[in-house]
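Q: quick one: sequence and predicted model below, then my questions.
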Amino acid sequence: MNNNDFDLYKQFVKTTFKMRYKGSILGFFWVLLKPFFMFLILFMIFSRVSGSATGLTSQQYAVYLLSGLIVYTFFNEGMIWGMGSIMERAGLIVKINFKRAVVVASSLTMALINFSINLGIVISVALILNIRITFLGLVYILLICLTMFLALYGISFFTSIWLVHVRDLQHIMELVLQLLFYASAVFFPVEMIPEKFRFIVYYNPVARFIKAVREALIYGRITDIKFVLVALVTSIILVVIGSGYFNKHIKKIAEHF
Amino acid sequence: MEKNIAIKVENLTKKFRIPEHGSPNTIQERFVNPFSKKKMIDFTAVNNLSFEVKKGEFFSVIGPNGAGKSTLLKLISGIYVPTQGNILVDGKLVPFLELGVGFNPDLSARENVYLNGIILGLTKKEVDEHVDHIFDFAELKD
């Protein structure tokens, strides 16, 4: 990565950030307000049912719900923005030859920025509610976050190219992510799923990340570390293979818009 | 490459694979016309072209609509990949295929200068050095 690529990356992050909330009165606050209202809706509807089933107090359930929500949102935004990154910059790509991978990286950085802000809020809420957060737990959450970022980066190398060829992917992805929201036990405890369907959560990486983040945040417990490490290695491999695939196919992308 | 040559194009050919006119392209169209096959044809936009541009030389390409001028420029600037042939460029290449590419009406003039400069291959530092000069030139000094 030379100097210009890094400057370009920063410039793209800056403009995307400005553009995403331009024109709206509350602007940047929507980054905070959207998950908050999402949280409020789910909390009002499910705190009784889900809270009592897990034996969580309503404070604990609030943190439980919030942490699940922000991890899911990170994945959701990463998938959507990463996939759309090349398509979004089509106008530039057909006219100017710059390093294309910069576009993917800057879109994912947007998701990462949102996640960092959200995580900061969840941690503040947890502290206000007298939940003790351990240093080790925090480090573990950051490790999970890194793993997810790399996974998103690797996946986006493929999906950003595919979307240009098959535009339907946009709609398919939205549906898949909607399904994933319910399959990730975001607002209800895993225990509420009938035993014979629990494998869905077991084989769903997002659900396992969410569960691990919750354990680390609420109880300071390091759980499922073997899975996280395997996921980390898998993600790194995915980034390597993905970047190869991306570099091979990106050369011809300008002809397909 | 010889010393005094800036751009050298050798036997350059560019073909595009495009669907034949009227052939069904989406599943919907195929569903409506199940018996017509999807046919792709090769469209040759640039055919076995060779030329050299010497350093310091002005060089223009003139031709009617659809002659392949833009395709040629996009090939030289690396946006398209040649089907056959070679392109050698010695020096810094700043493509200017269209006015206002990357211009963002919601950003300030200064932000646009930075955005465009960096997209065209400058570093932020280089833009820093020239930004005042650019504003002088555009007569946009407040």
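A: Everything's here; your move.
Q: and the strand or helix carrying A:Val125, what's buried?
A: Assessed by DSSP states H and E, A:Val125 sits inside helix A:101-128. Applying a neighbour-count criterion of 16 or more other Cβ atoms under 10 Å in any protein chain shown, one finds A:101-112, A:114-115, A:118-119, A:121-123, A:125-126 buried in helix A:101-128. Where you see a C-beta, it was placed from the backbone N, CA and C, and this is true even at glycine.
Q: tell me the residues on chain A that lie near chain B, please.
A: Within reach of chain B by Cβ under 8 Å from any Cβ of the partner chain, chain A has these residues: A:3-4, A:7-8, A:10-11, A:15, A:18-19, A:22-23, A:91-98, A:251-252, A:254-255.
Q: could you turn the buried ones of those residues into a PyMOL selection?
A: Selecting only the buried entries of these in PyMOL, with 16+ other Cβ under 10 Å as the criterion:
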select buried, chain A and resi 4+7+8+10+11+15+92+93+94+95+96+97+98+254+255
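Q: which strands and helices sit next to the next helix or strand after the helix holding A:Val125?
A: Going down the chain from helix A:101-128, the next helix or strand is helix A:135-165, by DSSP H and E. The helices and strands touching helix A:135-165, judged by 3 or more Cβ pairs under 8 Å, 6 or more residues apart in numbering or on different chains; DSSP states H and E, are helix A:58-88, helix A:101-128, helix A:169-183, helix A:205-214, helix A:225-250.
Q: okay if I get the ones you listed as JSON lines plus mean pLDDT?
A: Below are the helices and strands packed on helix A:135-165 laid out as JSON lines (pLDDT from 0 to 100):
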{"stretch": "helix A:58-88", "mean pLDDT": "92"}
{"stretch": "helix A:101-128", "mean pLDDT": "92"}
{"stretch": "helix A:169-183", "mean pLDDT": "95"}
{"stretch": "helix A:205-214", "mean pLDDT": "94"}
{"stretch": "helix A:225-250", "mean pLDDT": "96"}
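Q: could you report the neighbour count for the residue in the stretch 101-250 of chain A that chain B sits nearest to?
A: Per Cβ to the nearest Cβ, A:Asp168 is where the stretch 101-250 of chain A lies closest to chain B, at 9.0 Å. Per other Cβ atoms under 10 Å in any protein chain shown, the neighbour tally for A:Asp168 reads 10.
Q: same check on B:Val46?
A: Neighbourhood size, B:Val46 [other Cβ under 10 Å]: 22.
Q: was I right to think it contacts B:Thr13?
A: Yes: counting by Cβ atoms under 8 Å, B:Thr13 is a contact partner of B:Val46 at 6.1 Å.
Q: convert the C-alpha atoms of the lowest-mean-pLDDT helix or strand in chain B to PDB, please.
A: Of all helical and strand segments in chain B, the minimum by mean pLDDT, DSSP states H and E falls on helix B:27-32, at a mean of 70. Written as PDB, here are the backbone C-alpha positions of helix B:27-32 (Å, rounded to 0.1, in the frame of the first residue of the first chain):
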ATOM      1  CA  ILE B  27     -34.800 -14.700 -16.400                       C
ATOM      2  CA  GLN B  28     -38.000 -12.800 -16.900                       C
ATOM      3  CA  GLU B  29     -37.300 -12.200 -20.600                       C
ATOM      4  CA  ARG B  30     -36.200 -15.800 -21.000                       C
ATOM      5  CA  PHE B  31     -39.400 -17.000 -19.400                       C
ATOM      6  CA  VAL B  32     -41.500 -15.000 -21.800                       C
END
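Q: near chain A at all, that helix?
A: No: contact between helix B:27-32 and chain A is absent, the nearest approach being 9.0 Å (criterion: Cβ under 8 Å from any Cβ).
Q: buried stuff in that helix?
A: So for helix B:27-32, nothing qualifies as buried (16+ other Cβ under 10 Å).
Q: quick one: list the elements packing against it.
A: Going by 3+ Cβ pairs under 8 Å, 6+ apart, helix B:27-32 lies up against no helix or strand.
Q: chain center to that helix, what's the gap?
A: From the chain centre to the centre of helix B:27-32 is a distance of 34 Å (Cα atoms, centre = their mean, to the nearest Å).
Q: continuing past that helix, what's the next helix or strand?
A: By DSSP H and E, the next helix or strand past helix B:27-32 is strand B:40-54.
Q: if you average the pLDDT over the helix or strand just after that next one, what comes out?
A: Later in the chain than strand B:40-54, the nearest helix or strand by DSSP H and E is helix B:69-76. What helix B:69-76 shows for mean pLDDT is 93.
Q: any idea how far helix B:69-76 is from the chain center?
A: Per Cα atoms, centre = their mean, the centroid offset for helix B:69-76 relative to its chain is 5 Å.
Q: which residues sit against it?
A: Outside helix B:69-76, the residues within contact range by Cβ atoms under 8 Å, 6 or more residues apart in numbering or on different chains are A:94, A:254, B:7, B:9, B:12, B:14, B:45-46, B:49, B:61-63, B:80-82, B:87, B:89, B:93, B:95, B:97.
Q: give me the buried subset of those residues.
A: So, by 16+ other Cβ under 10 Å, the buried ones in the contacts of helix B:69-76 are A:94, A:254, B:7, B:9, B:12, B:14, B:45-46, B:49, B:80, B:82, B:89, B:95.
Q: in a markdown table, list the helices and strands packed on helix A:135-165 along with distance to B:Phe137.
A: Formatted as a markdown table, those follow (distance: least, Cβ to Cβ, whole Å):
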| stretch | distance to B:Phe137 |
| --- | --- |
| helix A:58-88 | 31 |
| helix A:101-128 | 28 |
| helix A:169-183 | 42 |
| helix A:205-214 | 52 |
| helix A:225-250 | 35 |
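Q: can you list the domains in chain B?
A: Following automatic domain parsing, one gets these domains for chain B: B:5-89, B:98-142.
Q: okay, how far is it across the first one, tip to tip?
A: In other words, domain B:5-89. Terminal residues of domain B:5-89 are spaced 8 Å apart (Cα to Cα, to the nearest Å).
Q: now it: how far from the chain's centre is it?
A: On Cα atoms, centre = their mean, the centre of domain B:5-89 falls 11 Å from that of its chain.
Q: could you do stretch A:16-27 as well?
A: 20 Å.
Q: what does that stretch contact?
A: Contact with stretch A:16-27 is made by A:Phe28, A:Trp30, A:Val31, A:Leu33, A:Ser106, A:Ser107, A:Met110, A:Ile113, B:Asn104, B:Asp106, B:Leu107, as judged by Cβ under 8 Å, 6+ apart.
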